[in-house]
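Peer 1: Generate coordinates for the sequence data below:
(one chain, ligands or ions: 1)
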Amino acid sequence: MKKIVSIQDISCYGQCSLTVALPILSAKGIETAILPSGILSTHTGGFQNFTYHDLTDEMPKIVSHWIDEGITFDAIYTGYIGDTRQFDLINDSKGKLLNAGGRFIVDPAMADHGKLYPALNEDIVEGMKGIVREADMILPNLTEAAFLLGREYSESYTRDDILDMLQALAAMGPEEVVLTGVSFEEGKLGAIAYQKSTGTVTEYYAEKQAQSYHGTGDIFSSVLIADYLNGKSMADCLADACEFIVKSIQATMGHPEHPYGVCFEAVLAAKE
Ligand code: PXL
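Peer 2: Residues are numbered from 1 along each chain as shown. The predicted structure is shown next:
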């Protein structure tokens, strides 16, 4: 059984970050440990007056205990990071916590729809670049890709623009780049992956849904990473992750009282 550690925040309410990564990875047969970067009462997308308790000081103690215990992982999966001091710790723990051949996977969860998330700033972007350079795989959306590359975010682009972005992101370091929220055709939305060493491009587009929700990026990454560690091809990983999001959105759309995230549990329960 593969073993992963996910480094991101605990948003206690709101279906994102660790509260989605843990159930999804576990349901797909991946033993999942967590290194929480902070605790928030809710996520920061739409809730007012959320609380935030930073865990930067606790993180090196947890890592050092694991090292003493000889605990290592097949993958590290990082997401939302709320404090710039954590990036060096993350890069440092890569060498200490990964098995030989282990994968360092970064979802640079920091922005969407052209904007940084409310509690974040340019320093987080700089720190995120620092871990992206060390990563084996990254999973940015189009906004995050623009921030990482220091380019203007645009909702209109050609296939060549996207291929150029994928190559530029891979040139920063990672062998695999999975770019999400890509659309080349009205009514379709999906993800495109680039493998640097072979130049292989793989893509999948699902039916675009009428509504978009918070937390779907974290769910997409969790599904894809679990499948990838389970040895699925990138084509299958992309299809599974995209269709999982479609079904999660469909399970949520009839419920206006549930605007803050998607009912992914319904999909997980039906599937696993
Ligand atoms: O889904 C990404 C995410 C994770 N964690 C927190 C967030 C967000 C997005 O806004 O606010 C705390």
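Peer 1: in the chain, which spans are helices?
Peer 2: For the chain, the helices defined by DSSP state H cover 18-27, 59-69, 86-97, 122-132, 142-149, 159-171, 216-229, 234-250, 264-271.
Peer 1: Indicate which one of those is closest to Pro256.
Peer 2: Across those, the minimum distance to Pro256, taken as C-beta to C-beta, is reached by helix 234-250, at 13.7 Å. All C-beta atoms are positioned from the backbone trio N, CA, C, and that covers glycine.
Peer 1: sorry, back to before: so for Ala33, which of the helices of the chain sits nearest?
Peer 2: helix 59-69 (8.3 Å).
Peer 1: List the buried residues in the closest one.
Peer 2: Using 16 or more other C-beta atoms under 10 Å as the test for burial, helix 59-69 gives Met59, Ile62, Val63, Trp66.
Peer 1: elements contacting it?
Peer 2: Contacts defined by 3 or more C-beta pairs under 8 Å, 6 or more residues apart in numbering; DSSP states H and E place helix 59-69 against helix 86-97.
Peer 1: Please find the angle between the direction vectors of the helix it packs on and helix 59-69.
Peer 2: Orientation of helix 86-97 against helix 59-69 (axes from the mean of the first three to the mean of the last three C-alpha atoms, to 10 degrees) gives an angle of 0 degrees.
Peer 1: contacts for helix 86-97?
Peer 2: Helix 86-97 is contacted from outside by 5, 7, 35, 37, 56, 59-60, 63, 66-67, 71-73, 76, 78, 81, 104, 127-128, 130-131, 134, using C-beta atoms under 8 Å, 6 or more residues apart in numbering.
Peer 1: how much space between Asp107 and the ligand?
Peer 2: For Asp107, the distance to the ligand (C-beta to the nearest ligand atom, to the nearest Å) stands at 9 Å.
Peer 1: Pretty sure Phe184 sits against Arg159.
Peer 2: Yes. Counting by C-beta atoms under 8 Å, Phe184 touches Arg159, with 6.1 Å between them.
Peer 1: Without its sequence neighbours, what residue ends up closest to Ile24?
Peer 2: Ser222 (3.9 Å; C-beta to C-beta, 6 or more residues apart in numbering).
Peer 1: residue contacts, that neighbour?
Peer 2: Val20, Ala21, Ile24, Leu25, Tyr77.
Peer 1: which one among the residues you listed gets closest to the ligand?
Peer 2: Minimum distance to the ligand across these is 8.3 Å, recorded for Val20 (C-beta to the nearest ligand atom).
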